[in-house]
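Participant: here are the coordinates; sequence isn't available:
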């Protein structure tokens with residue numbers, strides 16, 4: 001009899017824990033969907049979601065929001081405790097989850113590609129933290145491009161003062177040229193010279209069937225011939241990308257390059 005009562009109590013406790021964790025998971029799910037929208041469509045739009053850390057960011061947020069909080073509730077929640085103790089437990093869980101989530105959101109937002117900068121024949125995805133560390137306002141990047149994120153040209157200046165500043169930032173702050181705001185210029189003003197170093201897409205798709213299929217799909221959707229577009233390499237954190245530009249200098253699409261090795 002005692003064993004039956006103990007089993008019933010244990011079963012009831014498990015059900016209560018699962019119910020509490022389920023409620024927590026449902027609430028966290030709504031929050032996650034809102035955050036996922038910003039990560040996928042605002043902070044890491046295609047092609048930067050897979051190429052520059054959006055996928056890694058959304059996994060981190062999911063781990064914190066959908067796993068950490070509900071798991072703590074499942075472990076700690078006990079209906080046999082007093083109402084005061086239950087409230088205290090849930091408050092501690094909420095504090096832990098919210099603190100971790102704020103850290104996760106800050107990290108993902110700070111790592112988002114804030115600018116796509118051309119330097120020496122290639123484009124580079126520059127994260128927001130690069131500019132915040134230099135006290136550069138994000139809004140100031142919009143002057144160079146209407147694209148989101150803005151497409152910018154880091155101009156190889158011949159001005160002595162600009163060259164000295166470039167050298168100082170390179171040596172003292174370890175800033176690559178494409179991270180140096182003072183040499184930024186409007187991309188469209190320089191697009192003709194930039195496009196002169198475009199990739200030969202015929203050579204690339206000849207040896208890469210997957211990329212050839214991807215290009216055919218792009219052309220079928222967008223229309224036109226492959227020679228109607230310009231193809232430029234983009235260096236990103238997780239795998240490189242070929243950006244597809246219109247002749248007017250607008251980003252029309254992209255092709256995925258192989259993933260980088262760890």
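Facilitator: Happy to help now that I have it. What you see is a predicted model; the values in this text were computed from it and never measured.
Participant: Find the residue ranges of the stretch 151-262 of the chain scoring beneath the pLDDT cut-off.
Facilitator: By pLDDT under 70, the low-scoring segments of the stretch 151-262 of the chain are 258-262.
Participant: If we use 80, what do you get?
Facilitator: Along the stretch 151-262 of the chain, segments meeting pLDDT under 80 span 257-262.
Participant: residue ranges of the strands in it, please?
Facilitator: Remark: strands assigned in the stretch 151-262 of the chain by DSSP state E, counting those that start in this stretch are 151-154, 184-186, 229-235, 239-246, 251-259.
Participant: most tightly surrounded among these?
Facilitator: strand 151-154 (a mean of 25; mean count of other CB atoms under 10 Å). Placement of C-beta: from N, CA and C, glycine included.
Participant: Walk me through the domains of this structure.
Facilitator: Per automatic domain parsing, the domain ranges recorded for the chain read 2-110, 115-259.
Participant: hang on, the earlier thing: can I get the strands of the stretch 151-262 of the chain in a markdown table with distance to residue 134?
Facilitator: Below are those laid out as a markdown table (distance: least, CB to CB, whole Å):
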| stretch | distance to residue 134 |
| --- | --- |
| strand 151-154 | 14 |
| strand 184-186 | 12 |
| strand 229-235 | 20 |
| strand 239-246 | 25 |
| strand 251-259 | 25 |
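Participant: Residue 116: what secondary structure?
Facilitator: strand (DSSP: H, G, I helix; E, B strand; the rest coil).
Participant: hang on, it packs against residue 123?
Facilitator: Yes: here residue 116 lies in contact with residue 123, judged by CB atoms under 8 Å, at a distance of 5.3 Å.
Participant: Now do the shared contacts for the two.
Facilitator: Shared contacts of residue 116 and residue 123 (CB atoms under 8 Å, 6 or more residues apart in numbering): 151, 234, 243.
Participant: May I see these organised as CSV, with distance to residue 257 added?
Facilitator: As requested, the shared contacts of residue 116 and residue 123 are exported to CSV (distance: CB to CB, whole Å):
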residue, distance to residue 257
151, 18
234, 8
243, 11
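Participant: nearest to residue 158, of these?
Facilitator: Nearest to residue 158 among the shared contacts of residue 116 and residue 123, counting by CB to CB, is residue 151 at 23.2 Å.
Participant: burial of residue 65, as a residue count?
Facilitator: 25 (other CB atoms under 10 Å).
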